[in-house]
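[1] Pasting a predicted model and its sequence here:
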Amino acid sequence: MFTLTRLLCCLLLLVSALLSGCVNHLSMKTVQRSSQYDAPFSFNGRVAIKRGLENSSAGLRWVHNPEEDEDEVLILESLGRTVARIHRDVQGATLEAQGRFYVSQDVESLTQQVLGWTLPISWMTHWVVGLPAKGTPAEIQRDAKKQVTLLRQAGWEVRYVRYAGLAADSLPARIVMKKDNFEITVLIDEWEKQQP
């Protein structure tokens, strides 16, 4: 079984770049959330994983296509080379990394099996656009601009640290998701698509 450090060790980016609060260059044409609940999206950004004393970070590209019930998540090294690919569709989930290929029924069980921790992708497809997943109770806090600042759902605490714009329906730019001793930080540098 791969450990988190082993899979992402060659992907380490400068942690200071993640934490410095540098201005993100977001695509200004798509900074607002679609009026459609589960709209297609794609973005480029960065991800940092913190699990106990382990810390890793990498580039991230995510394409979500609800019409085909499909997600593709690419984990990238600093020069943009893909070193891990997670693909999910109606057939199940696959993970390709370091010349190995893994298959499971869903991303959550696949990442638990291969990495030893769960990537909650079925929840994250909603959380990354600032919405709770339907069908499960959620606690939501908003600021004066009506933007979500905190979302609690399915045992996770999701904090929205920064948005791409000031409008209530602006897309998030920095999200921190925590559960127990596990934390995922997603920084979105560019929203490429959010269709109405």
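    Done, it's in.

[2] Following the longest helix seen in the chain in sequence, what is the next regular element?
    The single longest helix within the chain, with elements called by DSSP state H, is helix 107-115. Once the chain leaves helix 107-115, the next helix or strand it forms, by DSSP states H and E, is helix 121-127.

[3] what's the burial count for Arg63?
    Just so we're on the same page, residue 63 is Val rather than Arg. 16 (other CB atoms under 10 Å). Bear in mind the C-beta positions are built from the backbone N, C-alpha and C, glycine included.

[4] pLDDT wise, what is the spatially closest residue to Leu119 that is not a sequence neighbour at?
    The spatial neighbour of Leu119 that comes closest, neighbours along the chain excluded (CB to CB, 6 or more residues apart in numbering), is Thr111 at 4.2 Å. Among the per-residue scores, Thr111 holds a pLDDT of 86.

[5] per-residue confidence at Thr3?
    So Thr3 comes in at 48 (pLDDT).

[6] Next, work out how far apart the residue of the chain most remote from its centre and Leu166 are.
    Using CA atoms, centre = their mean, the residue of the chain lying farthest from its centre is Ala144. It sits 25.4 Å away. For Ala144, the distance to Leu166 equals 11 Å [CB to CB, to the nearest Å].
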